[in-house]
Every structure is written in C-alpha cells, then in structure tokens.
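Trainee: Turn this into a model:
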Amino acid sequence: MSLRHIIALASLAAAGSAFAQTKWDLPAAYPANNFHTENLAQFAADVDKATAGKLKITVHANASLFKAPEIKRAVQGGQAQIGEILLVNYQNEWQIFGADGLPFLADSYDESMKLYKAQKPLLDKKLGEQGMMLLYAVAWPPQGIYVKKPIASAADLKGVKWRAYSPATARIAELVGAQPVTVQAAELSQAMATGVVESYMSSGATGYDTKTYEHIKYFVDTQAWLPKNAVIVNKAAFDALDKPTQAAVLKAGADAEARGWTTSKAKNTEYLDLLKKNGMTISPPTPQLKADMKKVGDTMLKEWLEKAGPEGQALVDAFRK
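Mentor: The predicted structure follows:
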C-alpha cells in the first residue's frame, strides 16, 4: 500500500470519528461562578467523559447565547439542544410553572423536594407536548425577610417601604399592609442607602451580594419559597443520540440533580454565616409571624388555584398527601 493510500485511509478514519461527534449548546442565565452554572459545567464534563467525547455540551453562562426569557423557546425550537430556565419565570404561560414561587406552600428543602415530586409528572407532560423533556431541577436557597427592626408579627410590617420585584412579592406587601416599591436587584443597594426601601424578601445570596448588612440589620429566616432552575432538553435532539449516549445524559442529569440540591443547602448556610459575620442578626420567625405569613400564603394559594384550575388542585393535593 502506497503512502498516499495510507494517508487517504487515515484521513477517512479521522473524518469518520469527527463526524460521529455531536455538539450541543446549553444556554444558561446566571454567571459562571453561580452554583447552578458550576453544576452545569460538571454535568457537561460528566457527559463528555461517559461518552468518550462523542457528545460535547458547551455551557453558555450569563445569558450570553440567549437572554433568560428566550431560553425555553430556543430549546423548543431547536436553536439550542438543551438549556436551563427558572421555572417561575414562565408562570404566565402555564400556572404550574409558578408553583414553587407560592409563598409558604413549601417552606424547607424537604418540603420543596416533595413539591417537586408532585410537580414533576405535570412538568413532564407539558414539556413533552412542547417537544421537550425535563432532565433535572435544582432549588435556589430559600427566601427570608430583610427588615430594619425586629418583627414579631405581620402587623409590624404595616407601612414599611417594601421592595417588590415580582407580582408575588408585591401581593405579599399588599396583604401585610406594607408599601410596595418596585426596585430591580441592580438598584437595590442604592435604594436601601437612600431609604427608598426598608425591607424586602430574598435569599441569603442576594443579601450578601448587595451588601444589605450595611443598611439593614435583621434577617428573618422564613424559608418562604425555594424557586427551582430546570434543565430542559429538545426531544428530537435527544432521540437522535444512540442508546449509550442517551443513557449517559440521563445518568449525568440524575447526578447533577442530587449534587445541586446538596450544594444549594450548603450555600444557604454559607451565605447566612457571611451575613452574621457582617453584623446581621438572623432569627427564625416568631410563631405569630409564621401564622400571619401562612395566612398570606393561603390567600395567594387560593388566588393561584383559581387561575391554575383542576390541574393546580391535583398538584396541591398530591403535595399535601
């Protein structure tokens, strides 16, 4: 065999292996150093290793490929094969997407996981109808109340200037008699410094990132809700993979889900410790405040059920079983 033949055969073989490699894009909305994004990077590395490089998944962090609200449509339309979304962002499209944004329905990691298990069959069905599949989901740290003075009941929030950043947080303000002020995360530090905002609800992460402790000294750890990020896959792209590659994706997804929940819990503790170190007082809600906030949650749940209909009722029943 001549050298030319050998080179031709070698290049054919190389072309064959290059052809066998599949490339997926994974748009995500959060920075590269966010724990959700780090988890995605680990997931992509696991898939690469398990498939011996046959499936390469590129994570595009910080909304660099698609903006947060566009990611779902991009995966649905096949412009991206896989993507990460914040489920509550899509509540207007379908109420069930917003179930984990309902205050005080699931107020701990265990309850949040229980809610996810009840929500999952509905998510699988809906995403399936839209040509997608749910690979895994991970909760954010729970939401608490940042406030200027210790509070014993909801009555202590009357007239307080309360930052609202979503319909739900504005509705909470209305129900407790606080004064809702719409302020985006980027303007929060400034709003606190100038006294435009005296209180708000968010996770320990936001409190630390915005240096809330410079202006507000109390955090009531209500664990009001734990919104989830979900990783969704275009079904046609998944079906085009060979069986071993499909199995590798499902296994890496299951591992990422377990790892993500563990990391979220650890991060929550970490952020609360950092807030304490910076002079913030962290306390659980008083029984009275918990009861008052539960009432707020019940009202909002009732309003949600009216919109969500029988499907929403079935979800809540399954969760409460």
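
Trainee: When you work out contacts or count neighbours from here on, use the C-alpha atoms and nothing else.
Mentor: Noted.

Trainee: number of nearby residues for Gln76?
Mentor: 22 (other Cα atoms under 10 Å).

Trainee: Apologies, that question was intended for Ala191.
Mentor: Here the count is done by other Cα under 10 Å, and Ala191 has 18 residues near it.

Trainee: The stretch 51-200 of the chain: helices as residue ranges?
Mentor: Secondary structure of the stretch 51-200 of the chain (DSSP state H, counting those that start in this stretch): helices at 71-76, 109-129, 167-176, 188-193.

Trainee: Take those helices and write them to JSON lines, including distance to Ala45 and mean pLDDT.
Mentor: Output for the helices of the stretch 51-200 of the chain, formatted as JSON lines (distance: least, Cα to Cα, whole Å; pLDDT from 0 to 100):
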{"stretch": "helix 71-76", "distance to Ala45": "20", "mean pLDDT": "98"}
{"stretch": "helix 109-129", "distance to Ala45": "25", "mean pLDDT": "97"}
{"stretch": "helix 167-176", "distance to Ala45": "37", "mean pLDDT": "90"}
{"stretch": "helix 188-193", "distance to Ala45": "36", "mean pLDDT": "92"}
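
Trainee: List just the one of these that sits closest to Ile82.
Mentor: Of all these, helix 71-76 sits nearest to Ile82, with 5.8 Å by Cα to Cα.

Trainee: just checking, what packs against the closest one?
Mentor: Judged by 3 or more Cα pairs under 8 Å, 6 or more residues apart in numbering; DSSP states H and E, the packing partners of helix 71-76 are strand 82-86, strand 228-234.

Trainee: In TSV, list the helices of the stretch 51-200 of the chain along with distance to Gln223.
Mentor: Conversion of these to TSV gives the following (distance: least, Cα to Cα, whole Å):
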stretch	distance to Gln223
helix 71-76	27
helix 109-129	9
helix 167-176	14
helix 188-193	21
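
Trainee: which one of the ones you listed is the most hemmed in?
Mentor: helix 71-76 (a mean of 22; mean count of other Cα atoms under 10 Å).

Trainee: Put the alpha carbons of it into PDB.
Mentor: This file holds the C-alpha atoms of helix 71-76, laid out as PDB (Å, rounded to 0.1, in the frame of the first residue of the first chain):
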ATOM      1  CA  ILE A  71     -34.100  30.100  26.600                       C
ATOM      2  CA  LYS A  72     -37.200  28.000  26.700                       C
ATOM      3  CA  ARG A  73     -38.300  28.900  23.300                       C
ATOM      4  CA  ALA A  74     -34.700  28.400  21.900                       C
ATOM      5  CA  VAL A  75     -34.700  24.800  23.200                       C
ATOM      6  CA  GLN A  76     -38.300  24.200  22.000                       C
END
